[in-house]
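Chemist: build the 3D model from these lines:
(one chain, ligands or ions: 1)
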Amino acid sequence: MVRAHNFNAGPAALPDQALAQAKDELMNFRHTEMSVMELSHRSQDYEQVHHAAKDLLRELLNVPDTHDILLLQGGASLQFPMIPMNFLTKGQPNYILTGSWSEKALKEAKLLAHPYTGGSTKDEQYRRIPHTSELNWSNTDDYIHITSNNTIYGTQWQDLALDAPAPLIADMSSDILSRPFPVENYQLIYAGAQKNLGPSGVTIVIAERSMYERTPEHTPTLLRYDTHADKDSLYHTPPTFAIYMLYQVLSWVKENGGAEGMAKRNDEKAAVLYDTIDNSGGFYTGHAAADSRSHMNVTFNLPSEELNQTFLAEAKDAGFIGLNGHRSVGGCRASIYNAVPLETCEALRSFMKDFQAKHG
Ligand SMILES: *Cc1c(COP(=O)(O)O)cnc(C)c1O
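Modeler: Presented below is the predicted three-dimensional model:
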């Protein structure tokens, strides 16, 4: 079967194996004579999927016993307000700004608290991640919020083993499970599934249980982390099909070497594209500084806006999907999440070289 060269930023490419498995059992899930979508979320057949997905996440990310895995809805965007609703103490959390999504997280926190910005590379067009020595952070911060991968600008924290002086919270929507990292250094991690883990509709939250005691009593039930923790993410109807697909994607990750296997695969893929940029004699220029380059979203420009547009139009005609930069920054962006095959990156490399030969 022919599959598109899919560089979509999210929702994004899924592993063929996960889709094929879903197709095989779509009408008759494990001899139930029902689709997994048609099962009660209180049935044993569904609960097995639910727990298998959570168990695999715990195994693949090496999540310690101190942390819960929650499967929520509302996307990463609902986490922006939920975090301050649950975790404020004095009312002054710290938001490190590395791109548009961190700005959005900060904007929601401002509705509920008095956050400050302990680091930002905004005046450098978010080309790089600040060094920890540049950060202004303190043990009096309610919590410290970072965005591990900046989907729109194409930068990524290279070292996630941060030793923060206050509870550390990370939006990992666009790079979760793309490489190993120490979960225990974080008090909360969240990620919409639709980039690296599955289809849209489910949001993964990994929360250290000790944080729940901060949640004020007046917090609405559905917006409290402990509600979902106490009920095993079955307080209300979960997005059952999205969780089933999450399970299929995680099974594929496990069969392909887990987080380490993904890191190796992603390093290779990213090298194909960054080498093409670096060896183009300046025809292609990366947006990100070399020491902050994302292995998930490769952002680049051509020598003129006109050439950007010609490149995007010709790439589209040649069957490459989703290469337009985000509408807020323009240029080109190749999103190469876990499921994007090496061959797709190699095909883009050939196209980029041919395009340069023709127009360079
Ligand atoms: C895509 C993305 C979001 C938004 O996710 P939704 O699930 O659409 O709310 C937030 N943060 C980052 C880093 C993202 O890449």
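Chemist: now do the closest residue to the ligand within the stretch 101-250 of the chain, the pLDDT please.
Modeler: Taking Cβ to the nearest ligand atom, the ligand has its nearest neighbour within the stretch 101-250 of the chain at Gly192, 2.9 Å off. In this view, the C-beta of every residue, glycine as well, is placed from N, C-alpha and C. With respect to pLDDT, Gly192 has a value of 98.
Chemist: which residues touch it?
Modeler: Gly10, Gly75, Ala76, Ser77, Ser173, Ser200, Val202, Thr203 (Cβ atoms under 8 Å, 6 or more residues apart in numbering).
Chemist: among those, which lie within strands?
Modeler: Thr203 (DSSP state E).
Chemist: would you mind checking the contacts of Gly192 for buried ones?
Modeler: Among the contacts of Gly192, those classed as buried by 16 or more other Cβ atoms under 10 Å are Gly10, Gly75, Ala76, Ser77, Ser173, Ser200, Val202, Thr203.
Chemist: between those, which sits nearest Ser350?
Modeler: Gly10 (25.1 Å; Cβ to Cβ).
Chemist: show the backbone phi and psi for Ile189.
Modeler: Dihedral pair for Ile189: phi -130, psi 140, per degrees, to the nearest 10.
Chemist: what about the residue in the stretch 251-360 of the chain positioned nearest to the ligand, how many residues nearby?
Modeler: Nearest residue of the stretch 251-360 of the chain to the ligand (Cβ to the nearest ligand atom) works out as Asn297 at 8.4 Å. Look at Asn297: counted by other Cβ atoms under 10 Å, it has 30 neighbours.
Chemist: might you report the residue contacts of it?
Modeler: Ala9, Asn149, Asn150, Thr151, Ile152, Tyr153, Gly154, Ser174, Arg333, Ala334, Ser335, Ile336.
Chemist: now do Leu60
Modeler: Listed by Cβ under 8 Å, 6+ apart, the contact set of Leu60 reads Leu177, Leu250, Val253, Lys254, Gly258, Ala259.
Chemist: identify all contacting residues around the helix or strand the last one falls within.
Modeler: To tie it back to what came earlier, the one meant is Ala259. For Ala259, the element it lies in under DSSP states H and E is helix 258-278. The contact list for helix 258-278, computed with Cβ under 8 Å, 6+ apart, reads 59-62, 177-181, 253, 256-257, 284-286, 293-296, 298, 300, 334, 336, 338, 340, 342, 345-346, 348-349, 352-353.
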